[in-house]
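Participant: fold the following, please.
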Amino acid sequence: MASEEAVPGALAGLRVVEVGEWVSAPFAAKLFADFGAEVVKVERAGAGDPARTDGPFPGGRPDPECSGLFLYLNTNKRGVQLDLDADEGRTALDRLLAGADLLITNLAREELDAAGLAPASLRERHPSLLATTITPFGLDGPYADYLGDELVTYAMGGLAYASPGVPDVAEDGEAEPPLHAHAYVADTIGGLVAAVASMVGVLDRDATGEGSHIDVSQQAAVTAMEQRDLTAWSYGEIVIGRLPNSIARMPNYYLPCKDGYVALAAPWDHQWARLVKVMGTPEWAQSELFRDDAGRTAHWDALKLFLLEWTMQHDGAEIIRLADEAGLPFFTYYSIAQMADSEHVRERGSLVELACDGDAFSMPGAPLAMQGTPWALRRHAPRLGEHTDEVLAAAAAAAAGAAR
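Facilitator: As a prediction, this is how the structure comes out:
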C-alpha cells in the first residue's frame, strides 16, 4: 500500500463527510477519497456500518475489521463513530459539516430529519455546503417514504426484467423469472451517479459560492441504464427484456464451447458471411433457410444446433482469435477467477492487493490512469472509530477559532 506521502490526488483539498452505510454512499465517497479528497466516514454507535458484517472474511472467520466489502468501499478514508440519536453526536457532526465542502449520505428521509441532515435545515446552517442524498426513490413523489435496498431498487428500476438480455435471452419468461446479479449493481450505479453529480455540484459551488442539494433516486439511476428497453417501449410499446423479439437478429447469442461459453455476434449479412468463412464454409451454411438475417432468425432453433456443433470443437481463446482475424465482435465469458488471472488485468494493474491481519486479498483498483495525479491507496480502511478523537478535536478547534 502506498503511504500518505504519495503524490497528492486530483481532488486534494476537497473535504467530504460521509454518513453512509452498506454500498451506495460509501462507494460515492470512496471515489472522492481514492482521488485525493479528505473523506471522513461517520459510523453509527455500536457496531458501526453494517457492511462490516457482510464479508467475505479471511478464512471464513467473521471479523468486522476484515470484511472484504467494507475494506474495498472505505479505503483512503478516516473514520469516526458518533451517536446521532444524542445531542452530543449531532453537535459533533455539525462541527464536521461546518468545515466540509460536501456531505454524501444514504440515510432514509426519516433518519435524515432525526439526525439534523434534512437538506433545507442544512442549507440554513451551512449555506455553502453541498449535500448529496441517495435514497431508494428520491426525497419527493409518492414513493419518497418507501424503504428500499439494492434488491428493491434493482427490481423496481426495471433491470431485473431486462436481465439477461440479448445475447443471454430467456426462452420462457414464466420458467425463467427475473434475475439479479450476485453483486451490488443498483447500489454501485446509485453511488456512481451520486459521485458524478456531486462533482458537478463542486464545480458549480466554485463558480457561485453557494451550496446545493443533489437528490439521487436510486430507482431512477438504475432505470437510466435501460436505454434500449425504454426506447423500444416508448416508440412502439415493444417489450424486449429477456425474451427473443422482433428487433433481435440471429446469430447474436451465447453458446458453450470446449472450455466455457462464447458469444457469437454475427446478426448482419456481412458478418454472417465472415462467420461462414471462419467455420470453413460448411454445406449447411449455404442453405436457403439461412440466406439472410430474417431467415436465420426465423430458423434459429435449427441454426443454433449447427453452430453448437462447431463451437464445441474449439476452446474460447481459439474462437476469439479466429473472430478477431475476421473482424467479428465475439467474446468469451470470464469467470471472476479467469478475469483476475488474465494477462490484460495484470498488465494494467486493474486489481491491487490489500492485507488484513496478515491475510492478503485482491480488490479493484482504479479503472483509469492519471499520470500527474495518479490514483493511490493512501490509507487502509478505518478501524471502527479509529480517528474519532483526532478528527473531532480538530473540528472543535476549528469551530472555536471561527467563533473568535
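Participant: what about the stretch 151-300 of the chain, any weak spots by pLDDT?
Facilitator: The stretch 151-300 of the chain contains residues with pLDDT under 70 at 164-176, 241-248.
Participant: spell out the residue ranges of the helices in it.
Facilitator: Secondary structure of the stretch 151-300 of the chain (DSSP state H, counting those that start in this stretch): helices at 185-208, 218-223, 227-236, 269-278, 293-298, 300-311.
Participant: deepest of those helices, which one?
Facilitator: helix 218-223 (a mean of 23; mean count of other C-beta atoms under 10 Å). For glycine as for every other residue, the C-beta is placed from the backbone atoms N, C-alpha and C.
Participant: who touches that one?
Facilitator: 24, 134-138, 143, 148, 153-154, 156-159, 185-187, 189-190, 192-193, 230 (C-beta atoms under 8 Å, 6 or more residues apart in numbering).
Participant: one step back: got JSON lines for the helices of the stretch 151-300 of the chain, with distance to residue 253 too?
Facilitator: Formatted as JSON lines, these follow (distance: least, C-beta to C-beta, whole Å):
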{"stretch": "helix 185-208", "distance to residue 253": "23"}
{"stretch": "helix 218-223", "distance to residue 253": "25"}
{"stretch": "helix 227-236", "distance to residue 253": "16"}
{"stretch": "helix 269-278", "distance to residue 253": "12"}
{"stretch": "helix 293-298", "distance to residue 253": "11"}
{"stretch": "helix 300-311", "distance to residue 253": "7"}
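Participant: of all the ones you listed, which lies closest to residue 76?
Facilitator: Across these, residue 76 has its closest neighbour in helix 185-208 (13.8 Å, C-beta to C-beta).
Participant: give me the helices and strands touching the closest one, please.
Facilitator: Where contact means 3 or more C-beta pairs under 8 Å, 6 or more residues apart in numbering; DSSP states H and E, helix 185-208 is packed against helix 24-34, strand 102-105, strand 130-135, helix 150-156, strand 212-217, helix 218-223.
Participant: quick one: end-to-end distance for stretch 147-161.
Facilitator: End-to-end distance for stretch 147-161: 21 Å, by C-alpha to C-alpha, to the nearest Å.
Participant: how distant is that stretch from the center of its chain?
Facilitator: 14 Å (C-alpha atoms, centre = their mean, to the nearest Å).
Participant: other residues contacting it?
Facilitator: Contacts of stretch 147-161 (C-beta under 8 Å, 6+ apart): 22-23, 108, 135-137, 178-180, 184-187, 190, 218-223, 225-226, 229, 241-242.
Participant: now do the helix or strand hosting residue 41 against helix 24-34: the angle between them, please.
Facilitator: Residue 41 belongs to strand 38-44 when assigned by DSSP states H and E. Using axes from the mean of the first three to the mean of the last three C-alpha atoms, to 10 degrees, the inter-axis angle of strand 38-44 relative to helix 24-34 is 150 degrees.
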